[in-house]
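# Provided below are the primary sequence and the corresponding predicted coordinates.
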Amino acid sequence: MAKLLSNPSSRSSSTTFSSFHNGNLHFSRKINFLPNKSHFSKWDPTRIIFRNQFELKSSNGYPLNAVSLQDEGSAANPLAEKMNFPESGTGNSTLSITVVGASGDLAKKKIFPALFALYYEDCLPENFVVFGYSRTKMNDEELRNMISRTLTCRIDKRENCDDKMSQFLKKCFYHSGQYNSEEHFLDLNSKLKEKEGGRLSNRLFYLSIPPNIFVDAVRCASTKASSTTGWTRVIVEKPFGRDSESSSELTRRLKEYLTEDQIFRIDHYLGKELVENLSVLRFSNLVFEPLWSRNYIRNVQFIFSEDFGTEGRGGYFDNYGIIRDIMQNHLLQILALFAMETPVSLDAEDIRNEKVKVLRSMRPLQLEDVIVGQYKGHSKGSKSYPGYTDDPTVPTNSITPTFAAAALFINNARWDGVPFLMKAGKALHTKRAEIRVQFRHVPGNLYKRNFGTDLDKATNELVLRVQPDEAIYLKINNKVPGLGMRLDRSDLNLLYKARYTREIPDAYERLLLDAVEGERRLFIRSDELDAAWALFTPLLKELEHKKIAPELYPYGSRGPVGAHYLAAKHNVRWGDLTGEE
Ligand SMILES: NC(=O)C1=CN([C@@H]2O[C@H](COP(=O)(O)OP(=O)(O)OC[C@H]3O[C@@H](n4cnc5c(N)ncnc54)[C@H](OP(=O)(O)O)[C@@H]3O)[C@@H](O)[C@H]2O)C=CC1
Ligand SMILES: O=C1O[C@H](COP(=O)(O)O)[C@@H](O)[C@H](O)[C@H]1O
């Protein structure tokens, strides 16, 4: 019987957060076993699948297994406890992953490639099947053709790439059906059973469909296609509602069919490498942790920009806008991780408890602390770029923001008075996501006169560049070499591509693997979601009620000037616009 596990012997040498995270998982050796190098994945030794030796247990000591959709949860599942089901593995168990909405953009772009990457890295168990489910009529071969167009092998490996792809594709199957048809899910169930070949089955459903059909799909999957022998989990994509009320309603409806433990609300920004590294940086470096408060930090900035518009997704976007699309989830999640108190441990519940405390300590956003913008058409040379409302799926009079900047505050002892600024926009001059921490001035700075009048420019700034070109750099002041005393600004720079040759896994890989392992740390708990909506709902309602017109900015520009005024009001200068980013 094969089980999932970490490599205990490698844990101490790894400095990644995932090593801590896996370090919290308890392992029970089934037999006396001396790890043999050939069992180790080359990708990440902390996330290896050892066959036949170990049983993975969750960080609270319970086996990560055995929740049927009809059951109350693993602890309440007598069958599960009696049988001591293995984690999805080899031997007598099978992992079945069904991508619901398989014909869609996200499935093609992210989910199937991530599943292949996990397979390529030996992170999936020996017995697994992938099913695509959607209304589009396709057969298995057509699905495989569709998937194969987006598969790539890691550029740092490429060993047996073609073989690996064809082996993976052989494990992929398709079933066409309606999302609200119990009968069609029953047919899926029969196909799943056939592929599972009588082995114990663990089933993961990934809902990659528009939110208005989430509940129908969950109802049908739960009543007709959940595992009767192993666990069943459901990954739910955002958006989780449009406001507090619709989000609570969605949670309530999902919980008619699923327990909270079975729901994996995904926020793919939590799976990004640099976001994972945030906690490592802070909690494992003495030079940072003591500085992490209002005593030393002047402001914190969370910046997201894309250099393309809503092309192709205008229909979805117009109903949500940038605040719901990026701020209320991705940026707020990073903020919560950044600002939380030290968790008791790295267990999912300990971390999520701390995150929710931060969210509850924040004051709901006020209209005067927010500015909104929308991109307009723009011509550059012979090239012209469309405005947001030029998109045929967007109403011509839409006032949906494609840009927003906001100042948020955390009313607790650590962060009292520190502005947390967020800025997110589409169709801007660059694509990037970063966290900027601007430190206070050095009191009684001996070198004050060497800095000129702009003292802000002389303060330290720590930047975590989430993408592109992942990096962590710290701006410091140093002396220019020579006989004089001229000061300079330099970067202590950890540029990932210079430091590591290994390709950085996509966020969806990490999150899919976590869902398979039953690790919930990077997924959103329902109380976190409630707290996040409570912060944004009053503002969103006011914007809509007062029909606040967005400030127009040209496609490809740096966004509305209002963002500068907002920052200036809080004595902040955006770190990405100083000319020395
Ligand atoms: N695309 C992205 O980059 C991101 C997407 N998401 C979220 O992931 C989910 C999937 O996104 P994405 O793949 O872009 O979505 P799509 O619009 O591509 O929809 C996925 C599939 O759902 C089916 N579908 C679409 N509209 C309807 C409808 N009105 N009624 C019934 N079925 C429909 C279609 O399959 P068929 O017709 O074959 O049944 C489609 O292929 C959404 O919740 C989205 O918000 C989140 C982050 C990023
Ligand atoms: O969730 C979303 O994220 C993407 C950006 O994700 P990234 O990983 O490419 O940075 C964004 O384009 C989309 O609008 C939003 O729904």
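Received it, and whenever you're ready, just let me know what you need. Here the structure is a predicted model, which means the values were calculated and not measured. Ligands and ions are numbered 1, 2, ... in the order given.

# And the helices in the stretch 301-450 of the chain?
314-318, 321-322, 332-339, 348-361 (DSSP state H, counting those that start in this stretch).

# Close to ligand 1: what parts of this structure are there?
Near ligand 1, the residues belonging to the chain are 101, 103-107, 134-136, 179, 208-211, 213, 237-239 when assessed by CB under 6 Å from any ligand atom. Quick note: C-beta positions are derived from backbone N, CA and C, even for glycine.

# In helices only, show me those residues.
Among the residues of the chain next to ligand 1, the members falling in helices (DSSP state H) are Asp105, Leu106.

# ok, of the residues of the chain next to ligand 1, which come out buried?
101, 103-104, 106-107, 134, 179, 208-209, 211, 237-239 (16 or more other CB atoms under 10 Å).

# closest to His330 among those residues?
Lys238 (8.9 Å; CB to CB).

# Could you pull up the residues touching the closest one?
Contact analysis of Lys238 by CB atoms under 8 Å, 6 or more residues apart in numbering lists Arg265, Ile266, Asp267, Asn329.

# again with Val99
Here Val99 is in contact with Ala107, Ile111, Phe112, Val130, Phe131, Gly132, Tyr133, Tyr206, Ser208 (CB under 8 Å, 6+ apart).

# Dump the contacts of Lys238 into a markdown table; add pLDDT, neighbour count and secondary structure as well.
Converted to a markdown table, the contacts of Lys238 look like this (pLDDT from 0 to 100; neighbours: other CB atoms under 10 Å; DSSP: H, G, I helix; E, B strand; the rest coil):
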| residue | pLDDT | neighbour count | secondary structure |
| --- | --- | --- | --- |
| Arg265 | 97 | 22 | strand |
| Ile266 | 97 | 25 | strand |
| Asp267 | 97 | 23 | coil |
| Asn329 | 98 | 25 | helix |
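
# Among the contacts of Val99, pick out the one closest to ligand 1, please.
Ser208 (4.4 Å; CB to the nearest ligand atom).

# just checking, the closest one touches Phe112?
No - using CB atoms under 8 Å, Ser208 is not in contact with Phe112, being 9.9 Å away.

# Specify the stretch among the helices of the stretch 301-450 of the chain that is closest to His564.
Across the helices of the stretch 301-450 of the chain, closest to His564 is helix 321-322 (CB to CB), at 17.8 Å.

# Now for Lys164, which secondary structure element holds it?
Remark: Lys164 resides in helix 161-170, with elements defined by DSSP states H and E.

# Following the chain past that helix, name the next helix or strand.
strand 172-176.

# Direction included, what does that next one pair up with?
Paired with strand 172-176 in the same sheet, following DSSP bridges, are strand 128-134 (parallel).

# residue boundaries of the helices in the stretch 51-200 of the chain?
78-83, 105-106, 112-120, 140-148, 161-170, 182-196.

# got the ones you listed as a markdown table, with mean pLDDT and distance to ligand 2 columns?
Converted to a markdown table, those look like this (pLDDT from 0 to 100; distance: least, CB to the nearest ligand atom, whole Å):
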| stretch | mean pLDDT | distance to ligand 2 |
| --- | --- | --- |
| helix 78-83 | 30 | 34 |
| helix 105-106 | 94 | 9 |
| helix 112-120 | 96 | 12 |
| helix 140-148 | 96 | 20 |
| helix 161-170 | 93 | 23 |
| helix 182-196 | 97 | 27 |
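
# Next, the buried residues of stretch 189-205.
So, applying 16+ other CB under 10 Å, buried residues of stretch 189-205: 189, 191-193, 195-196, 199-205.

# Same question for stretch 290-299.
Of the residues in stretch 290-299, those buried (16+ other CB under 10 Å) are Leu291, Trp292, Ile297, Arg298, Asn299.

# Closest to ligand 2 out of the residues you listed?
Asn299 (23.1 Å).

# Taking the contacts of Val99, please make a PyMOL selection of just the buried ones.
Per 16+ other CB under 10 Å, the buried members of the contacts of Val99 correspond to this PyMOL selection:
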select buried, resi 107+111+112+130+131+132+133+206+208
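
# Out of the contacts of Val99, which comes closest to ligand 2?
Closest to ligand 2 out of the contacts of Val99 is Ser208 (12.3 Å), distances taken as CB to the nearest ligand atom.

# Name all residues that make contact with that closest one.
Val99, Val100, Gly101, Ala102, Gly104, Leu106, Ala107, Ile111, Glu237.

# Now it. Its backbone dihedrals?
phi -110, psi 60 (degrees, to the nearest 10).

# Show the pLDDT at the residue lying closest to it once chain neighbours are set aside.
Closest residue to Ser208 apart from its sequence neighbours, by CB to CB, 6 or more residues apart in numbering: Gly101 at 3.9 Å. pLDDT recorded at Gly101 is 98.

# Could you check how far the residue in the stretch 1-150 of the chain positioned nearest to ligand 1 is from ligand 2?
Among the residues of the stretch 1-150 of the chain, Gly104 lies nearest to ligand 1; the distance is 2.4 Å by CB to the nearest ligand atom. Taken as CB to the nearest ligand atom, to the nearest Å, the spacing of Gly104 relative to ligand 2 amounts to 13 Å.

# Could you verify my assumption that that residue touches Ser134?
Yes - assessed by CB under 8 Å, Gly104 is found in contact with Ser134 at 7.0 Å.

# where do the contact lists of the two overlap?
Ile209.

# Which stretch among the helices of the stretch 301-450 of the chain is buried most, on average?
helix 321-322 (a mean of 25; mean count of other CB atoms under 10 Å).

# do it and ligand 2 meet at all?
No - if you take CB under 6 Å from any ligand atom as the test, helix 321-322 misses ligand 2, and the best it gets is 8.2 Å.

# same question for that helix, mean pLDDT?
98.

# what does stretch 211-230 give?
pLDDT averaged over stretch 211-230 gives 96.

# Export that stretch to PDB, keeping only CA atoms.
Provided in PDB are the C-alpha atoms of stretch 211-230 (Å, rounded to 0.1, in the frame of the first residue of the first chain):
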ATOM      1  CA  PRO A 211     -20.500  30.500  -9.700                       C
ATOM      2  CA  ASN A 212     -24.200  30.400 -10.600                       C
ATOM      3  CA  ILE A 213     -23.900  26.700 -11.100                       C
ATOM      4  CA  PHE A 214     -21.700  25.800  -8.100                       C
ATOM      5  CA  VAL A 215     -24.500  24.600  -6.000                       C
ATOM      6  CA  ASP A 216     -26.200  22.500  -8.700                       C
ATOM      7  CA  ALA A 217     -22.900  20.800  -9.500                       C
ATOM      8  CA  VAL A 218     -22.200  20.100  -5.800                       C
ATOM      9  CA  ARG A 219     -25.700  18.700  -5.300                       C
ATOM     10  CA  CYS A 220     -25.300  16.300  -8.200                       C
ATOM     11  CA  ALA A 221     -21.800  15.300  -7.400                       C
ATOM     12  CA  SER A 222     -22.600  14.800  -3.700                       C
ATOM     13  CA  THR A 223     -25.700  12.800  -4.200                       C
ATOM     14  CA  LYS A 224     -24.600  10.800  -7.200                       C
ATOM     15  CA  ALA A 225     -20.900  10.700  -7.500                       C
ATOM     16  CA  SER A 226     -19.300  10.900  -4.100                       C
ATOM     17  CA  SER A 227     -17.000   8.200  -2.900                       C
ATOM     18  CA  THR A 228     -18.700   5.600  -0.700                       C
ATOM     19  CA  THR A 229     -15.400   4.200   0.500                       C
ATOM     20  CA  GLY A 230     -12.800   7.000   0.800                       C
END
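
# Show me which positions of stretch 435-450 end up buried.
Ile435, Arg436, Val437, Gln438, Phe439.

# Save the helices of the stretch 301-450 of the chain as TSV, and put in distance to Val275 too.
Conversion of the helices of the stretch 301-450 of the chain to TSV gives the following (distance: least, CB to CB, whole Å):
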stretch	distance to Val275
helix 314-318	23
helix 321-322	19
helix 332-339	6
helix 348-361	12
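
# Arg265 and Ile524 touch, don't they?
Yes - with contact defined as CB under 8 Å, Arg265 counts as touching Ile524 (4.1 Å).

# Between those two, which contacts overlap?
By CB under 8 Å, 6+ apart, the residues touching both Arg265 and Ile524 are Phe240.

# what does the stretch 301-450 of the chain put close to ligand 2?
Glu306, Asp325, Ala433.
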